[in-house]
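A.B. asks: after the sequence you'll find the predicted model.
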Amino acid sequence: MKKNFKRMLAMSLACSAIFAIGAPAAHAGYMLNPEVKNPTPALLEASQIGLLKNENPKLQKLPNKDAILVMSFGTTYKDSRAKTIEATVKAIQAAHPGVKVELAFTSHIIVDRIKEKEGIDIPTPEAALKQLKKDGYTRVALCSLDVIPGMEYAYDKAIFNEYKNDFKKMTLGTTLMYWQGQEEQRDDVAETLKALSTQFPKVADNEAILVMAHGTPHPANAYYAVIQDGIDKMNLKNTFIYTVEGWPSLEDIIPQLKAKGIDTVTLMPMMMVAGDHANNDMAGAEPDSHKSVLESEGFKVKTYIHGLGENKAIRDLFVDRANEAWDALKSK
């Protein structure tokens with residue numbers, strides 16, 4: 001069955017991989033099989049997975065003027081923003097001294113609120129790319145601070161597709177977790193869990209760690225099952241993932257905790273920032289907060305209110321993703 005799948009894949013989509021220069025032994029993306037001589041636009045679109053790259057042949061005579069655009073959902077929590085998003089952007093900038101590194105927020109609502117409350121004008125990706133073009137930049141590496149390739153990353157890809165031909169060359173890197181070890185790709189889930197576990201407390205038999213993810217109506221919600229499988233394979237003791245707006249929910253996890261005789265839990269977010277979800281949905285004092293619900297079920301609850309961006313090991317992975325996009329931009 002697997003051989004048949006690979007044979008079919010070779011006939012249409014990607015069998016050969018594009019490696020990011022300087023990256024570890026991992027595939028940055030796929031390309032169409034060279035036997036496909038006249039691919040249709042639909043086939044080209046379908047083959048676009050992993051790191052994306054586009055070159056506009058009409059602009060190839062323009063001089064190279066390069067920039068990196070980092071895209072994040074954003075947050076109105078100023079302190080967390082500084083410790084997470086801005087700290088990650090600084091790490092990316094440090095890895096690329098002398099290169100223009102810009103930050104854009106994909107949440108237009110957050111952009112408006114920050115401008116109103118703080119007087120800071122953080123652009124949307126659309127506005128940032130228009131300004132970069134106006135300023136004469138001809139090649140842009142787009143980087144994502146998204147955790148999984150869900151709805152927000154779909155927006156990142158839409159930005160790439162809408163603006164890619166406005167520039168001589170454009171690339172788009174992957175999310176923190178994208179590849180799962182399939183087809184000889186690297187295992188982003190295992191890498192991320194290893195980095196995340198550096199902040200895990202030691203737990204006794206009666207204790208558990210509950211990692212709160214966002215959740216999404218996007219099919220990428222299936223990543224959470226893969227993440228839980230990775231947790232189990234790594235023998236991360238009494239560790240469970242649940243979501244605010246997807247599956248599994250906290251209600252799905254509570255029976256498992258009781259079945260294992262757990263009476264004490266530590267809640268922590270698996271989100272870039274410790275914003276509204278972490279401070280209110282997870283750790284708030286309201287009766288429907290996760291902390292309150294667990295306490296009403298008889299659990300003792302501890303909270304760890306820190307975004308992923310505060311974890312250096314996680315920031316390093318985001319820098320790796322940005323480096324892949326940059327290396328692909330610089331490659332011929």
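C.D. replies: Alright, I've got the coordinates.

A.B. asks: low-confidence regions, the stretch 1-150 of the chain specifically.
C.D. replies: 1-30 (pLDDT under 70).

A.B. asks: in it, which spans are strands?
C.D. replies: 14-19, 27-32, 52-55, 66-72, 100-105, 139-144 (DSSP state E, counting those that start in this stretch).

A.B. asks: now render those as JSON lines, adding mean neighbour count.
C.D. replies: In short, each C-beta sits where N, CA and C put it, glycine included. Shown next, in JSON lines, are the strands of the stretch 1-150 of the chain (neighbours: other C-beta atoms under 10 Å):
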{"stretch": "strand 14-19", "mean neighbour count": "16"}
{"stretch": "strand 27-32", "mean neighbour count": "21"}
{"stretch": "strand 52-55", "mean neighbour count": "19"}
{"stretch": "strand 66-72", "mean neighbour count": "24"}
{"stretch": "strand 100-105", "mean neighbour count": "20"}
{"stretch": "strand 139-144", "mean neighbour count": "27"}
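
A.B. asks: any chance of these in a markdown table, with distance to residue 174 too?
C.D. replies: Output for the strands of the stretch 1-150 of the chain, formatted as a markdown table (distance: least, C-beta to C-beta, whole Å):
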| stretch | distance to residue 174 |
| --- | --- |
| strand 14-19 | 12 |
| strand 27-32 | 8 |
| strand 52-55 | 9 |
| strand 66-72 | 12 |
| strand 100-105 | 17 |
| strand 139-144 | 7 |
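
A.B. asks: of these, which approaches residue 123 most closely?
C.D. replies: Of all the strands of the stretch 1-150 of the chain, the one in closest proximity to residue 123, counting by C-beta to C-beta, is strand 100-105 (5.1 Å).

A.B. asks: who are the packing partners of the closest one?
C.D. replies: Here strand 100-105 touches strand 66-72, helix 85-95, helix 125-134, going by 3 or more C-beta pairs under 8 Å, 6 or more residues apart in numbering; DSSP states H and E.

A.B. asks: which of the ones you listed sits most buried?
C.D. replies: Comparing these by mean neighbour count (mean count of other C-beta atoms under 10 Å), strand 66-72 ranks first with a mean of 24.

A.B. asks: so what strands line up beside that one?
C.D. replies: Strand pairing for strand 66-72, determined by DSSP bridges: strand 100-105 (parallel), strand 139-144 (parallel).

A.B. asks: as a markdown table, those strands with distance to residue 61 would be great.
C.D. replies: Converted to a markdown table, the strands paired with strand 66-72 look like this (distance: least, C-beta to C-beta, whole Å):
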| stretch | distance to residue 61 |
| --- | --- |
| strand 100-105 | 22 |
| strand 139-144 | 13 |
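
A.B. asks: which of the ones you listed sits closest to residue 264?
C.D. replies: Nearest of those (C-beta to C-beta): strand 139-144, 35.6 Å.

A.B. asks: compute the inter-axis angle for that closest one and helix 85-95.
C.D. replies: Between strand 139-144 and helix 85-95, the angle comes out at 140 degrees (axes from the mean of the first three to the mean of the last three C-alpha atoms, to 10 degrees).

A.B. asks: quick one: contacts for residue 136?
C.D. replies: residue 65 (C-beta atoms under 8 Å, 6 or more residues apart in numbering).

A.B. asks: could you rerun that using 10 Å?
C.D. replies: Residues near residue 136 by C-beta atoms under 10 Å, 6 or more residues apart in numbering: 62, 63, 65, 67.

A.B. asks: pretty sure the first one is touching residue 55, no?
C.D. replies: No - counting by C-beta atoms under 10 Å, no contact exists between residue 62 and residue 55, whose distance comes to 11.4 Å.

A.B. asks: give me the common contacts of the two.
C.D. replies: Between them, residue 62 and residue 55 share the contacting residues 139, 167, 168, 169, judged by C-beta under 10 Å, 6+ apart.

A.B. asks: which of these lies closest to residue 34?
C.D. replies: residue 169 (21.2 Å).

A.B. asks: show me what contacts the closest one?
C.D. replies: Going by C-beta under 10 Å, 6+ apart, residue 169 touches 53-56, 59-60, 62, 64, 66, 138-141, 328-331.

A.B. asks: 7 Å instead, please
C.D. replies: Counting by C-beta atoms under 7 Å, 6 or more residues apart in numbering, residue 169 touches 54, 55, 139, 329.

A.B. asks: which of those lies closest to residue 177?
C.D. replies: Nearest to residue 177, judged by C-beta to C-beta, of these is residue 329 at 22.3 Å.

A.B. asks: pretty sure that closest one is touching residue 172, no?
C.D. replies: No - counting by C-beta atoms under 7 Å, residue 329 does not reach residue 172; the two are 10.0 Å apart.

A.B. asks: more neighbours: the two, which one.
C.D. replies: Taking neighbours as other C-beta atoms under 10 Å, residue 329 and residue 172 compare with residue 172 leading, 27 against 22.
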